[in-house]
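In: Here is my input, please return the structure:
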Amino acid sequence: MTKFLIRIFVKDYKNVKDPSTRGRYGRLAAIVGIATNVLLSGLKIAVGLLFGSIAILADGINNLTDASSSVILLIGIWFAAKPPDEEHPYGHARIEYLTGVLISFIIIFLGIQLLMTSVAKIHQPEPVRFSWLLVLALAFSIIIKVWQAFFYIEIGKTIKSSAIKATGLDSRNDVISTSAVLLSVFLGRLTDLPLDGIMGAAVALFIIYSGIKLIKETAAPLLGNPPDKELVDEIRKRVLTYEGVLGIHDLIVHNYGPGRTFATLHIEVDAHGDLIASHDMVDSIEREIAEDLQLQLVAHMDPLDTRDPLTAELNVRLGEAISAIPGIAEIHDLRVVAGYSQHKVIFDVVADPVCDYSDAELKNILQQKVGEISPYCYCVITIDRNYL
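Out: The predicted model follows:
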C-alpha cells in the first residue's frame with residue numbers, strides 16, 4: 001500500500017536526493033496523516049462520548065493531536081523547501097527540525113490535560129457501557145495505526161527525515177496505548193476498579209513520555225549531531241580514489257537541514273609534484289563529489305614533503321605513539337622547519353570527544369615522544385577536536 005501511494009503521488013520517486021522529490025514525499029506523509037488521524041479521532045471521540053469512556057476519549061484526542069501534528073508537518077515542509085534568501089543564505093531546511101520540536105510540545109501539553117481529566121475520573125468513576133461496537137472501533141483503530149507506523153517509518157528512512165520517522169514512532173506508540181484501552185474495556189467487566197480513569201491516566205503519561213522523547217530526537221540536529229557515517233565514509237572513499245591524493249584530514253560536515261549539507265576537508269598531495277596539476281585535481285574533486293553526493297564541498301590542498309627522512313621517521317614514530325593513547329585519532333600536517341641548533345616540528349593532533357587528556361597533557365606527552373626521537377626537536381602542536 002505504501003509503495004502504491006508513493007508511485008501514484010510522488011513524481012520521480014526514486015530520485016530522493018532531489019529537494020523537490022523529497023518535498024513531495026513529505027507532503028504525501030503529512031496529507032495521509034491528516035486524513036487517517038482525523039478519521040480515527042472522530043470515531044474514538046464519538047464512541048468515547050457515547051459510552052462514557054474517558055480512556056477512549058483521551059485516545060481520540062491523542063489522534064486529534066496527531067492530525068494537528070501532520071498539519072504542522074505539512075506547513076514546516078513547505079517552509080523548509082523555500083530557497084535561500086538574503087537573510088538565510090544556507091536555506092530554510094532546518095525549519096523541518098523546528099516543526100518536530102513544536103509537535104513534541106503540543107503532544108506534551110495535551111498529555112498533561114488528559115492526565116488531569118483522567119485523575120478526576122479516578123476520584124469520581126462512572127461505569128463504562130460495554131459494546132461490541134466499541135470493541136470494533138478500537139480494533140479498527142489499531143489496524144490503521146499499525147499501517148500508519150510502517151508508512152511513516154518507511155518514508156522517513158527513504159528521505160532520511162527525523163521529523164517523519166519520529167511521527168512513525170508516535171504512531172507505533174498509539175498502537176500500544178489503544179491496545180491498552182481495548183484491554184481495559186474487557187477487564188472493566190470483571191472488576192469495580194476505576195480502570196477507565198486508570199487507563200486514561202496511563203495513556204496520558206505515555207503521551208507525555210513520548211513527547212519528551214520526541215523533543216530530544218527532533219532537537220538534536222539543531223544542537224549539532226555527528227554527520228552520517230555512511231556519508232563520511234563515502235566522501236573519504238571517493239577522494240582517495242583520485243591518483244595523486246596521499247591522504248585526507250580535517251573532514252568536517254555541516255548540516256543546515258535535510259538536503260542542505262556542506263563539507264570541508266584537507267587533501268594531502270606531494271609537495272615535489274606538479275602543484276598546478278594537483279590544484280586542478282582538487283577542483284575536480286570538489287565539483288564531482290558535490291554533484292554526485294548532493295552537497296557543497298570545499299577542499300584545501302596540503303603539500304607534504306615526502307622526501308625528508310626526519311619527517312618520514314617522525315610520521316612513523318608518532319603514528320606508533322598515538323596508537324597507545326586512548327582517544328587520539330590521528331596526526332596530520334607534520335612538517336619540519338630545520339635550524340642550526342634546533343628543529344621545529346609542527347603538526348596537528350586529532351582528539352576524539354572521549355579523550356580524557358587535556359590539550360596541555362597531550363602536548364606534553366607528544367613532546368616527550370618527539371624528544372625520544374631527537375633531542376634537537378621541539379614541537380608546535382595544534383589540538384583538533386574530532387567532529388566525526
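In: CA only for contacts and neighbour counts going forward, please
Out: Will do.
In: shaky segments in the chain?
Out: Residues of the chain meeting the criterion pLDDT under 70: 55, 126-130, 258-259, 388.
In: got the residue ranges for the helices in it?
Out: Here the chain has its helices, by DSSP state H, at 2-9, 19-51, 54-80, 95-123, 132-159, 162-187, 195-223, 229-240, 275-293, 309-322, 359-373.
In: Quickly compare these and say which is most buried.
Out: Neighbour counts (mean count of other Cα atoms under 10 Å) averaged over each of the helices of the chain peak at helix 54-80, with a mean of 24.
In: What is that helix packed up against?
Out: Here helix 54-80 is seen to pack against helix 19-51, helix 95-123, helix 162-187, helix 195-223 when contacts are counted using 3 or more Cα pairs under 8 Å, 6 or more residues apart in numbering; DSSP states H and E.
In: Quick check: the residue of the chain most remote from its centre vs Tyr376, distance?
Out: Within the chain, the residue lying farthest from the chain centre (Cα atoms, centre = their mean) is Tyr340, at 53.4 Å. Tyr340 sits 10 Å away from Tyr376, going by Cα to Cα, to the nearest Å.
In: Number of residues surrounding the residue lying closest to Ala312 once chain neighbours are set aside?
Out: Sequence neighbours aside, Thr306 is the residue nearest to Ala312 in space, at 7.0 Å (criterion: Cα to Cα, 6 or more residues apart in numbering). The number of residues packed near Thr306 is 14, by other Cα atoms under 10 Å.
In: and Asp356, what is it in contact with?
Out: By Cα atoms under 8 Å, 6 or more residues apart in numbering, Asp356 lies in contact with Pro326, Gly327.
In: err, Val370, not the other one
Out: Leu314, Leu318, Cys377, Tyr378, Cys379.
In: Walk me through the domains of the chain.
Out: Using automatic domain parsing, the domain parsing of the chain gives 2-223, 228-299, 308-388.
In: How about the contacts made by Thr191?
Out: So Thr191 contacts nothing (Cα under 8 Å, 6+ apart).
In: before we move on, what about Thr218?
Out: Counted by Cα under 8 Å, 6+ apart, Thr218 has contacts Tyr97, Leu98, Gly100, Val101, Ser162, Ala163, Ala166.
In: Including distance to Ser323, could those residues go into CSV?
Out: Listed next are these as CSV, based on distance: Cα to Cα, whole Å:
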residue, distance to Ser323
Tyr97, 38
Leu98, 41
Gly100, 41
Val101, 41
Ser162, 36
Ala163, 39
Ala166, 39
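In: ok, so of those residues, who is nearest Ala329?
Out: Ser162 (29.1 Å; Cα to Cα).
In: and the gap between that closest one and Ser104?
Out: 13 Å.
In: same deal with Val232?
Out: 30 Å.
In: With Arg172 instead?
Out: Where Ser104 is concerned, Arg172 sits at a distance of 15 Å (Cα to Cα).
In: do Met199 as well
Out: 22 Å.
In: same question, Asp270
Out: Distance from Asp270 to Ser104, by Cα to Cα: 52 Å.
In: likewise Leu297?
Out: 34 Å.
In: got it, and Leu43?
Out: Taking Cα to Cα, one finds Leu43 at 24 Å from Ser104.
In: now do Glu86
Out: 30 Å.
In: Surely Gly76 is in contact with Thr99?
Out: Yes: applying Cα atoms under 8 Å as the test, Gly76 and Thr99 come out as touching, 5.6 Å apart.
In: Tell me which residues touch Ile72, please.
Out: Contacts of Ile72 by Cα under 8 Å, 6+ apart are Thr99, Ile103.
In: how about a cut-off of 10 Å?
Out: Ala30, Asp66, Trp78, Glu96, Thr99, Gly100, Leu102, Ile103 (Cα atoms under 10 Å, 6 or more residues apart in numbering).
In: what about the third one, distance to Leu293?
Out: What it means is Trp78. 23 Å.
In: Equivalent analysis for the first one, please.
Out: In this structure, Ala30 and Leu293 are 27 Å apart, going by Cα to Cα.
In: and what of Arg260?
Out: Arg260 is 11 Å from Leu293, by Cα to Cα.
In: ok, the closest residue to Gly244 other than its chain neighbours to Leu240 distance?
Out: Distances taken as Cα to Cα, 6+ apart place Val269 nearest to Gly244, at 6.2 Å, with adjacent residues excluded. Noted for Val269: a distance of 11 Å to Leu240, by Cα to Cα.
In: One more: Ser284?
Out: 13 Å.
In: Phi and psi next, for Val10.
Out: phi -110, psi 110 (degrees, to the nearest 10).
In: That one is in contact with Gly23, isn't it?
Out: Yes: using Cα atoms under 10 Å, Val10 is in contact with Gly23, at 9.2 Å.
In: hmm, back to that, Thr178: which of the contacts of Ile72 is nearest?
Out: Asp66 (13.8 Å).
In: residues touching Leu293, list them.
Out: Going by Cα under 10 Å, 6+ apart, the list of residues near Leu293 reads Lys17, Leu231, Glu234, Ile235, Thr261.
In: Just put the helices and strands packed on helix 54-80 in JSON lines and tack on distance to Trp147.
Out: JSON lines is the format used below for the helices and strands packed on helix 54-80 (distance: least, Cα to Cα, whole Å):
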{"stretch": "helix 19-51", "distance to Trp147": "10"}
{"stretch": "helix 95-123", "distance to Trp147": "21"}
{"stretch": "helix 162-187", "distance to Trp147": "9"}
{"stretch": "helix 195-223", "distance to Trp147": "19"}
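In: The ones you listed: which one's closest to His254?
Out: Between these, helix 195-223 lies closest to His254; by Cα to Cα that is 10.5 Å.
In: now that closest one: how far from the chain's centre is it?
Out: Remark: helix 195-223 is offset 19 Å from the chain centroid, using Cα atoms, centre = their mean, to the nearest Å.
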